[in-house]
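> I would like to see how this sequence folds:
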Amino acid sequence: MAYKKWIIADADKERASELSEKLNIDPFVALMLVSRGIESEADAAGFLASSYDFSDPFLFADMDRAVARIEQAVDFGEKITVYGDYDCDGVTSTVLLYSFLKNMGADVDYYIPSRLEEGYGINKAAVDKIHKNGTNLIITVDNGISAVEEAEYIYSLGMQLIVTDHHQIGEMLPRAEAVVNPHRHENQIDFCDFAGVGVAFKLVCAIYGDHEDVLYQYADVVPLVKENRAIVKAGIEMMNAGVRTGINALKKVAGVSDKALTSTDIAFTVCPRINATGRVDHAARAAELLLCEDEEEAAFKAEQINIDNAHRQELEHNIFEDVMQQIAESPDMAKDRILVVSGRNYHMGVVGIVAAKVLEEYGKPAIIFSETDDGMANGSARSLDGFNIYEAISSCADLLHHFGGHPKAAGAGLNSSDINVFRKRVNEYAFRHYPVMPVQTVQLDFKLSPKVLNVELADALSQLEPFGEYNPPALFALMNITICCVVPIGNGRHIRLECEKKGIKFKFVKFGCTEEDFPFKAGDTVDAAVKISKNLYNGREYLSLQAADIKRHGNNDEKYFSEKNDYSLFMLGRNNSSSVFPKREDCSAVYRFLRAAGKWHYGFDELYFALKDITYGRLKFALKAFEESGLIKYNHSDIIVCSVGEKVDLMNTPVMKELKGRLNLA
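Residues are numbered from 1 along each chain as shown. A predicted model of the protein is given here:
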């Protein structure tokens, strides 16, 4: 994984102390609130409140028109089709609105397009099917705001349209009886950062006339959204109460039916399975499960969705391995600022996930294209905070058949023959607009002493639930701790670290890391970024610590990222700094270290920090010289020291000659 910069929030401890005293809340909770910008008494009290004053849904532009048209359709028995989307937001939006209208007595069905065959949003072939089924009114959820041409087609067939969507608005609104979107400037709402299901929820509330009743009738199919904490809290309570047969079945196959779910549990167990079906099969199956009321049928449908999730994981793994191999075998590609990789017939349902994993591995924006047999390529991109991947892709608009997205996630399509040109141009854009590339970060709330680690702290932090966008799970820094031992767990797939600081001993788990891949050993001093929760075992509650990141204590992040950027610019021919040239004493120190280690299995970054006294660029070129001279074998993470029978002159290796020539060194 790419090395990340830690950023610890600068919280006003005095202000936190005041909040704690005035609101009678736990001091750690008060400090958490302040670290996240919630500093006034009113804001803090509102954030922690169990209830919420909902805004009037009719403050949305066109909400009155949407309600009037839907009520007319119900009263006169017109056929209504809810047109959804294939991701978790779209599926739950569909189920919410469909369930409500069905309970109203409406003649209603739903349509969710296939991700693979139809793509996102309204398409004319789907409109033809809906028209053939006798629909009079189409209501979109989580899509439709950009369907200008498709809307005209709907009206040409004699049907009408209502759009509910949360995506950004283009230059023109589609023709419709009503367009309900939180980003319309005609709205009178204060909060506009709704998910698609949040907009559908507000529509249902407007029709029903009451937020509370709707909340507790339909909250169990509302996922974590930013509209407000009350919706999410109610949704989690209903999921844990077991009132929905389909969700109960999904919890069972996910292995979480015996525990009270948190928002984090839902995000990592329930939502991925709903999304998986839309990625590898058809999202309508997920909607059918959420609507199912027969336990036996729900169990079958949930198992099928679980199989889809396993298939998704297998596809994702295979494509990721292929992408990583391509990058490893192409030095020119590896040095790019934006990684652009393509493969024949990659499954489009998972290329976005793969792009996210490549971003995590290399710390660079990634775009993964799937090339089809007809000479086309469609791709998905993921980026990190501070680098607008949508604008980077837009700079190549003349090469693209289509593109769209957001600063951190986007998609595009082009001719396969243009991928190399696209790779070159998008990287030129990156250099022009980002002379210093943004880096991946770990956002921490504050440093924590091991002496305060207890179940009571976990209980206090639960007041901040539900966690999600803009309110991530608490993450704390345990600094300067000594590893006592490393214990493999979970059949060797994970490790448990037993640590100590100032006589206080504690344990935490690092998931997805084997003992072999862990770069530290007993006696090493490290810093750990940890999440805190509690587990129930044999009727007792225990503190649970999970490490999100671990680094060697004393690492100089600023020095590392500065030197890494200098090396990147050097490789791109943008500077000629002699600071990257390894001296003989540098090479000797590196080689002595590797000889002593015998084999290095932990990647370049850990080697850099273990050596301490060599720059990023010098270490890169020293390793290259060792490799060319046969002293080592080197791949993405492993360095193996080789036996060489005769003395090697590193300064005569091709890389050293090239460096000396470029830098005019004797």
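> ok, residue 341 - how many residues close by?
Close neighbours of residue 341, defined as other C-beta atoms under 10 Å, add up to 26. (Glycine included, C-beta is placed from N, CA and C.)
> Quick check: it touching residue 368?
Yes. Applying C-beta atoms under 8 Å as the test, residue 341 and residue 368 come out as touching, 5.5 Å apart.
> Which neighbours do the two have in common?
Shared contacts of residue 341 and residue 368, defined by C-beta atoms under 8 Å, 6 or more residues apart in numbering, are found at 323, 358.
> For residue 56, see how far away the closest residue to residue 59 other than its chain neighbours is.
In space, and not counting its chain neighbours, residue 59 is closest to residue 188: 4.3 Å by C-beta to C-beta, 6 or more residues apart in numbering. Residue 188 sits 9 Å away from residue 56, going by C-beta to C-beta, to the nearest Å.
> Can you show me the strands along the stretch 201-350 of the chain?
With DSSP state E, counting those that start in this stretch as the criterion, the stretch 201-350 of the chain has strands at 339-344.
> give me the low-pLDDT residue ranges for it?
Low-confidence segments of the stretch 201-350 of the chain (pLDDT under 70): 212-213, 215-231, 234.
> show me where it has helices.
For the stretch 201-350 of the chain, the helices defined by DSSP state H, counting those that start in this stretch cover 211-218, 229-241, 245-253, 263-265, 271-280, 284-291, 295-328, 331-334.
> Tabulate those helices (JSON lines), appending distance to residue 657 and mean neighbour count.
Below are those laid out as JSON lines (distance: least, C-beta to C-beta, whole Å; neighbours: other C-beta atoms under 10 Å):
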{"stretch": "helix 211-218", "distance to residue 657": "71", "mean neighbour count": "18"}
{"stretch": "helix 229-241", "distance to residue 657": "62", "mean neighbour count": "20"}
{"stretch": "helix 245-253", "distance to residue 657": "60", "mean neighbour count": "22"}
{"stretch": "helix 263-265", "distance to residue 657": "54", "mean neighbour count": "19"}
{"stretch": "helix 271-280", "distance to residue 657": "50", "mean neighbour count": "24"}
{"stretch": "helix 284-291", "distance to residue 657": "60", "mean neighbour count": "23"}
{"stretch": "helix 295-328", "distance to residue 657": "25", "mean neighbour count": "17"}
{"stretch": "helix 331-334", "distance to residue 657": "17", "mean neighbour count": "12"}
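> Tell me which of those approaches residue 636 most closely.
When the helices of the stretch 201-350 of the chain are compared by C-beta to C-beta, helix 295-328 sits nearest residue 636, at 5.2 Å.
> Reduced to three states, what does the residue nearest to residue 59 come out as?
In three-state terms, and counting by DSSP: H, G, I helix; E, B strand; the rest coil, residue 188 is coil.
> before we move on, the earlier item: residue 535 is nearest to which of the helices of the stretch 201-350 of the chain?
helix 263-265 (12.1 Å).
> Was I right to think residue 267 contacts residue 468?
Yes. Counting by C-beta under 8 Å, residue 468 is a contact partner of residue 267 at 7.2 Å.
> Quick check: the gap between residue 133 and residue 81.
For residue 133, the distance to residue 81 - C-beta to C-beta - is 7 Å.
> Distance to residue 628 added to the helices of the stretch 201-350 of the chain, as JSON lines?
Below are the helices of the stretch 201-350 of the chain laid out as JSON lines (distance: least, C-beta to C-beta, whole Å):
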{"stretch": "helix 211-218", "distance to residue 628": "65"}
{"stretch": "helix 229-241", "distance to residue 628": "56"}
{"stretch": "helix 245-253", "distance to residue 628": "52"}
{"stretch": "helix 263-265", "distance to residue 628": "48"}
{"stretch": "helix 271-280", "distance to residue 628": "43"}
{"stretch": "helix 284-291", "distance to residue 628": "53"}
{"stretch": "helix 295-328", "distance to residue 628": "17"}
{"stretch": "helix 331-334", "distance to residue 628": "13"}
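> Of all those helices, which one comes closest to residue 631?
In terms of C-beta to C-beta, the element of the helices of the stretch 201-350 of the chain nearest to residue 631 is helix 331-334, at 18.9 Å.
> sorry, back to before: ok, the residue nearest to residue 59 - how many residues close by?
10.
> Residue 256 - how many residues pack around it?
Using other C-beta under 10 Å, residue 256 has 16 neighbouring residues.
> wouldn't it be in contact with residue 265 here?
Yes. Counting by C-beta under 8 Å, residue 256 does reach residue 265; the two are 5.9 Å apart.
> Check which element follows whichever strand or helix holds residue 356 along the chain.
Per DSSP states H and E, residue 356 falls inside helix 351-362. Per DSSP H and E, the first helix or strand lying C-terminal to helix 351-362 is strand 366-371.
> Report all helices and strands that that following strand contacts.
strand 339-344, helix 351-362, strand 376-382, helix 419-433 (3 or more C-beta pairs under 8 Å, 6 or more residues apart in numbering; DSSP states H and E).
> what lines up beside it in the sheet?
Note on strand 366-371: by DSSP bridges, its sheet partners are strand 339-344 (parallel), strand 376-382 (antiparallel).
> Turn those into TSV, including distance to residue 197.
Converted to TSV, the strands paired with strand 366-371 look like this (distance: least, C-beta to C-beta, whole Å):
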stretch	distance to residue 197
strand 339-344	33
strand 376-382	22
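> Out of those strands, which gets nearest to residue 576?
strand 339-344 (25.3 Å).
> Quick one: work out the angle between the closest one and helix 295-328.
Here the directions of strand 339-344 and helix 295-328 differ by 120 degrees (axes from the mean of the first three to the mean of the last three C-alpha atoms, to 10 degrees).
> Could you identify which of the strands paired with strand 366-371 is most buried?
The highest mean neighbour count among the strands paired with strand 366-371, using mean count of other C-beta atoms under 10 Å, belongs to strand 376-382: a mean of 23.
> neighbours around residue 641, how many?
17.
> Now it. Its backbone dihedrals?
phi -80, psi 130 (degrees, to the nearest 10).
> Residue 526 now?
According to degrees, to the nearest 10, residue 526 has phi -130, psi 170.
> going forward can the numbers begin at 733, since that is how I track them
Got it, first residue is 733 now, which makes that one residue 1258.
> so where's this structure shaky on pLDDT?
Counting by pLDDT under 70, the chain has low-confidence residues at 782-785, 944-945, 947-963, 966, 1201, 1398.
> Residue 1099 versus the spatially most central residue of it, what's the distance?
Nearest to the mean C-alpha position of the chain, by C-alpha atoms, centre = their mean, lies residue 1088 at 7.1 Å. Residue 1088 is 11 Å from residue 1099, where distance means C-beta to C-beta.
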